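Peer 1: Fold the following for me, if possible:
(chains A, B and C)
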Amino acid sequence: MHIKISRFVGIFLFIVWGHAPLGWSQYGDAIVTASIGDASTLIPILASDSSSAEICGLIYNGLIKYDKNLNLEGELAESWEIKDGGLVIIFHLRKGVRWHDGEPFTARDVEFTYLKLIDPNVKTPYSGDFERVKSLEVLDEHTVKVTYKEPFSPGLSSWGMGIMPKHLLENEDLSSTKYARDPVGTGPYRFKEWKTGEKIVLVSNPDYYEGRPFINRYIYRIIPDQATTFLELQTQGVDQIGLTPLQYSRQTDTPFFRKYYRKYKYPSFGYAYMGLNLRDAKFSDARVRLALDYAIDKDEIITGVLLGLGRVSTGPFPPESWACNKDIKPVPYDPVKAKELLREAGWEDRDGDGILDKDGQKFKFTIMTNQGNDPRKTASEIIQRRLRDIGIEAEVRIIEWATFLSEFIDKGKFEAVIMGWSLSRDPDCYDIWHSSKTRPGEFNFVGYNNAEVDKLLLEGRREYGQEKRREIYNRINKLIFDDHPYIFLYVPDALPIVHERFKGIEPAPAGIGYNFIKWYVPKREQRYTRW
Amino acid sequence: MKNLNRLTVFGIIVVVVMAAAALFAPFIAEHDPGAIELGSVLMPPSAEHIMGTDSLGRDLFSRMVYGARISLSVGFVAVGISVIAGVIFGSLAGYYGGWIDSVISRFIDIMLCFPTFFLILATIAVLGPGIWNIMVIIGLTSWMGVARLIRAEILSLREREFVEAARAVGASDFRIITRHLIPNGLGPVLVSATLGVAGAILTESGLSFLGLGVQPPVPSWGNILTEAKSTLGIAWWITVFPGLAILITVLGYNLLGEGLREHFNPHRKQ
Amino acid sequence: MVNYIARRLIGILPVLIGITLITFFVIHLSPGKPTRLQAEMSPKISLEAREKLDKLYGLDKPVHIQYWEWVRRLARFDLGKSFVDDRPVSQKIGERLPVTIAINVLSLALIFLAAVPIGITSAVKEGTAYDRISTVFVFIGFAMPTFWLALLLMNLFGVHLGWLPISGIKSIDFEDYNLLEKFMDLARHLALPVFVSAFVGLAGISRYMRTSMLEVLNKDFIRTARAKGLPENIVIYKHALKNALLPIVTIIGLSIPGLIGGSVIFESIYAIPGMGKLFYDSVMARDYPVIMGVLFIGAILTLIGNLVADVVYAYVDPRIRVSGR
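Peer 2: Numbers count the residues shown, from 1 in each chain, chains lettered A, B, ... in the order given. Coordinates of the predicted model:
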């Protein structure tokens, strides 16, 4: 622990001495990023798509946030206390923070945001975590006391939700208010303009409590097609995008890209899997599920789909999470072992047609995935090929997203699906794995049921100590992995590329965006100087 | 007249060659179009792979040949459906007239008011983007032109002597429509069918661009070309070959269609 | 004539009702719900929250009641609010219209400028090498998949030659430009999109023009004119051309609905926020009010466009009026 700290101090000093911009002269310039989709609203509690959430993240602050090493730290809350075994959290708010319109930020804003989150007439998808709150009291202008019905440790990170200004939104209907397209927050960037389907422009907030960001403008361009985005990158029309694996490894190794861009690579916080419907007779046999894991070459998928830019997933937590059990080894590719297991389970090719059968039934099933996700599509093709090798006939069906969810996932009408979870930083995954969450439309759609996992999931929610939680989630990881309700496939790498003129980028477990306000462009390299 | 025929001849050659490639795909393609070979990803054209390989190391030439099969059958089946539907509706409306004509004509008006694209999207949402669904959808959204052609043709023919004669000898309506009326209107329908095949191939490629076309691993020219988007700049062969295949084929069908139009156009007979 | 127009206008009504009815039921019967818009599943969004959203959007009511409510709002010229961002549908359509119409008008103008001469000259020089080359040329535009052509041109002019910007309609610093710079900036951004959509649409009108011209050239009055010994130029450009151009007028009428329609493929490639993308996104997100709004306006314009075309044609060619279709 001590070693760790001193290392970070070292890095910190390095940042200060090695890279820190010298004086005011490094302020300026703009960063242009591209997104395939437009935002839909800039009210943080309504923002459910990634574009809206990304912009809200720059305009608003939460009470707390994750730091570069994925530990919680204060943002609008300077500090917090957890009392009564986790029943009560007291937040001490930062003083002197102002909204973009100059009004002071107070505990009333926190209370207001909370009341809107639990208001049944507000179209927020995030009410779940806040409905566990019994009461929220404003102790004074800068102190808030949150009392939970029962200890709920994931609740702490839910306070990373952007806090909204009470004085502006109090008498507004959040979904139709003008502030949804002209937001006022406390964050590092202020809203400037939004041209629907074209771009969103933010400008730096000179009064930001952590100091004015160096980059003056943040321009979020909407470019719906990835091929276009990449062409823009080749003409330096955009400064920062996420690359596809193919672009990362084959298309950006040119002198041009080496000269003008820097690439980064770190594991993303999510994973792809093949989910098996456990209500299906074929997959209710654990040996069959294990056999499938042996039959599918995860490394081949990572090579084919991600060009090696990812790693094998070993359970419901990404490898960067403290909850991930590092002792788990992926199931190796071993078709012989797979066939053996299937024979044990009664699947053999009795009629000599090359397809395994049991009680006159052939081993055939459909792998479904959603349209619009090329890696998943390719993964299903590779899996299909490998399963045929061991005598299983899998058909691939690709279905448009809205239909896929409502007709197949929600109704449990599937045999196998290839999907992914993008996860929050807190390891709580009760909604995905608890046996009570199997109703239509809930997330345990494969029908997983393990009494010990159920018990541990509840324990994990009550426990605040990270060491204790680590033990619990490591155990959950092991149990789920051994049960094989999913064939865990891969954790893709995030592959951002940023124009080389931006300095101060320090990759960390949290990625590169955590210190965005400290990025800067040396004066002589600035590109967008008119404003 | 003779000169222009050269274009028609070009059209015929393209149509025949492509159809042959599609029919004999298994004999022409040297590789399994689905064989994933991660060791030889994105290889430029060579003796082994005359059109190179794609991002999963599959032989592009074999995929193109099998893709011809898919793309052309999408064209043919879709047009078949639209011609059948168009002929049925058109002849009913034209022959019986009255309220049947009114209802069918109104329905055609309504269908024409929808952007084809919306109808396709909506149906794909319901049926899912399978290859058969794509054919049916394109067919069911493009029959209106044929229906109007047939209706107009029958409207102008139904009072003619030979129809009166057939009626006089007691031929049934069905017989009159199928034996006497429809054959007379087939020329323009053939033209519109030829152009329809071209249109369907293009529609499929557009749908593939949106991810709604024929789904991989089944190769179609549209989805191969769509893949080229992500390899633009590093694998010209994936961009060039499927693009040219679509271009040449659609061009061929159009030129053939134009040739047929000249042929059937009564004004041009001298 | 007035009578004819009135009759046609009344005829539009049942078609409109048919269109809205069919659309409404088709989109409500198609699977997928508007409350599941997110492109990724996030376990943080609970089932209860989603059920609550259904209720707030009025989706728990029977379809025919929802339709009735839609019609009642329409009677007050209210197209409703989008499910995605709660903004009025009319506003969402309104902000997409200018750029869509601009591109369509420009490309239509370009098409006519190119297609009419090509059509006429190839009809006059029927059967020559010029005729063949121009035929192949216009069909090449038609036969290329739009997105392919667009990407090739972007790659050539944007990346390799560096003459034109890749995508979008304005530069980052557009607001700080002076008038001339603004104009040049817009022109540079619109050059490729307008060219591509014009090239693709060239075949239709130039072929139409060619056929129309050929027909006129075979008419008796042209033969008479030639027989009188008038110079060929005067025969073609004075007598024939005037008559051949008349049917083109109706095409303009038929192009009216096309002016507000956009192509999602084309707009996605060029990152242009137009009607095509709006419509596509709405269908994908099951944003019923927007889908209904776009289709309704499109249908009205289509019907009016048809009417205008017919009226103009009837004016030009009085024989039509009698049958009244």
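Peer 1: interface residues of the stretch 351-500 of chain A facing chain B?
Peer 2: Residues of the stretch 351-500 of chain A lying close to chain B by Cβ under 8 Å from any Cβ of the partner chain are A:371-372, A:374, A:377-378, A:381-382, A:384-385, A:396-400, A:402-403. Just so you know, the C-beta spots here come from the backbone N, C-alpha and C atoms, and that holds for glycine as well.
Peer 1: what's near enough to touch B:L119?
Peer 2: Contact analysis of B:L119 by Cβ atoms under 8 Å, 6 or more residues apart in numbering or on different chains lists B:M111, B:I137, B:L140, B:T141.
Peer 1: Which residue, other than its chain neighbours, is closest to the last one?
Peer 2: In this case it means B:T141. Counting by Cβ to Cβ, 6 or more residues apart in numbering or on different chains, B:T141 lies nearest to B:L119, which is 4.5 Å off, once chain neighbours are set aside.
Peer 1: Tell me the first helix or strand C-terminal of the helix or strand containing B:I12.
Peer 2: Element membership for B:I12 (DSSP states H and E) is helix B:5-23. From helix B:5-23 onward toward the C-terminus, using DSSP H and E, the following helix or strand is helix B:25-28.
Peer 1: Please put the alpha-carbon coordinates of that following helix into PDB.
Peer 2: Extracted in PDB, the C-alpha atoms of helix B:25-28 (Å, rounded to 0.1, in the frame of the first residue of the first chain):
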ATOM      1  CA  ALA B  25     -20.800 -20.900 -58.200                       C
ATOM      2  CA  PRO B  26     -19.700 -24.200 -56.600                       C
ATOM      3  CA  PHE B  27     -17.700 -25.100 -59.700                       C
ATOM      4  CA  ILE B  28     -16.100 -21.600 -60.100                       C
END
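Peer 1: Can you give me the buried ones in the helix holding B:I12?
Peer 2: Of the residues in helix B:5-23, those with enough neighbours to count as buried (16 or more other Cβ atoms under 10 Å in any protein chain shown) are B:L7, B:T8, B:F10, B:G11, B:V14, B:V15, B:M18, B:A21, B:A22.
Peer 1: Same question for stretch B:95-105.
Peer 2: Within stretch B:95-105, the residues that count as buried by 16+ other Cβ under 10 Å are B:Y95, B:D101, B:I104, B:S105.
Peer 1: I figured the last one hits B:A93, correct?
Peer 2: Put plainly, it is B:S105. Yes - using Cβ atoms under 8 Å, B:S105 is in contact with B:A93, at 6.1 Å.
Peer 1: overlap in contacts of those two?
Peer 2: B:R151.
Peer 1: Heading C-terminal from the helix or strand bottoming out on mean pLDDT in chain B, find the next helix or strand.
Peer 2: In chain B, no helix or strand scores lower on mean pLDDT, DSSP states H and E than helix B:116-127, which sits at a mean of 73. Downstream of helix B:116-127, the first helix or strand assigned by DSSP H and E is helix B:131-140.
Peer 1: List the buried residues in that following helix.
Peer 2: Buried residues in helix B:131-140 (16+ other Cβ under 10 Å): B:I131, B:N133, B:I134, B:M135, B:V136, B:I137, B:I138, B:G139, B:L140.
Peer 1: Excluding chain neighbours, what is closest to B:L127?
Peer 2: For B:L127, the spatially nearest residue (Cβ to Cβ, 6+ apart) is B:N133, at 4.2 Å.
Peer 1: What pLDDT is listed against the one you found?
Peer 2: pLDDT for B:N133: 84.
Peer 1: Could I get the contacting residues of it?
Peer 2: B:T123, B:I124, B:L127.
Peer 1: which one of those is nearest chain C?
Peer 2: Of all the contacts of B:N133, B:T123 has the smallest distance to chain C: 8.4 Å, by Cβ to the nearest Cβ.
Peer 1: Among the buried residues of helix B:131-140, which one sits closest to A:S175?
Peer 2: Proximity of the buried residues of helix B:131-140 to A:S175 (Cβ to Cβ) peaks at B:I137, which lies at 35.1 Å.
Peer 1: pretty sure the closest one contacts B:L121?
Peer 2: No - when contacts are counted by Cβ under 8 Å, B:I137 is not listed as touching B:L121 (9.3 Å).
Peer 1: Looking from chain C, tell me which residue of the stretch 151-270 of chain B is nearest.
Peer 2: Closest residue of the stretch 151-270 of chain B to chain C, Cβ to the nearest Cβ: B:V250 (3.7 Å).
Peer 1: Repeat that for the stretch 151-300 of chain A.
Peer 2: Residue nearest to chain C within the stretch 151-300 of chain A: A:G197 (2.7 Å; Cβ to the nearest Cβ).
Peer 1: what about the nearest residue to that residue once chain neighbours are set aside, how many neighbours?
Peer 2: For A:G197, ignoring the flanking residues on the chain, the nearest one in space by Cβ to Cβ, 6+ apart is C:P273 at 2.7 Å. Applying other Cβ atoms under 10 Å in any protein chain shown, we find 23 residues neighbouring C:P273.
Peer 1: which SS class is C:P273?
Peer 2: Recorded secondary structure, C:P273: coil (DSSP: H, G, I helix; E, B strand; the rest coil).
Peer 1: Show the low-confidence segments of the stretch 1-150 of chain A, by residue range.
Peer 2: Along the stretch 1-150 of chain A, segments meeting pLDDT under 70 span A:1-25.
Peer 1: okay, now the residue in chain A positioned nearest to chain B: neighbour count?
Peer 2: Nearest residue of chain A to chain B (Cβ to the nearest Cβ) works out as A:A227 at 4.0 Å. When neighbours are defined as other Cβ under 10 Å, A:A227 has 23 of them.
Peer 1: again, but for A:G74
Peer 2: If you count neighbours by other Cβ under 10 Å, A:G74 ends up with 17.
Peer 1: For the stretch 1-150 of chain B, give me the ranges with low pLDDT.
Peer 2: Using pLDDT under 70, the stretch 1-150 of chain B drops low at B:1-4, B:125-126, B:128-129.
Peer 1: now do 90
Peer 2: B:1-8, B:21-44, B:46-50, B:52-60, B:70, B:94-98, B:102, B:105-142, B:145-146, B:148-150 (pLDDT under 90).
Peer 1: coming back round to it: of the buried residues of stretch B:95-105, which belong to strands?
Peer 2: Counting by DSSP state E, no part of these is found in strands.
Peer 1: Let me have those residues in TSV, adding distance to chain A as columns.
Peer 2: Shown next, in TSV, are the buried residues of stretch B:95-105 (distance: Cβ to the nearest Cβ, whole Å):
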residue	distance to chain A
B:Y95	40
B:D101	37
B:I104	32
B:S105	33
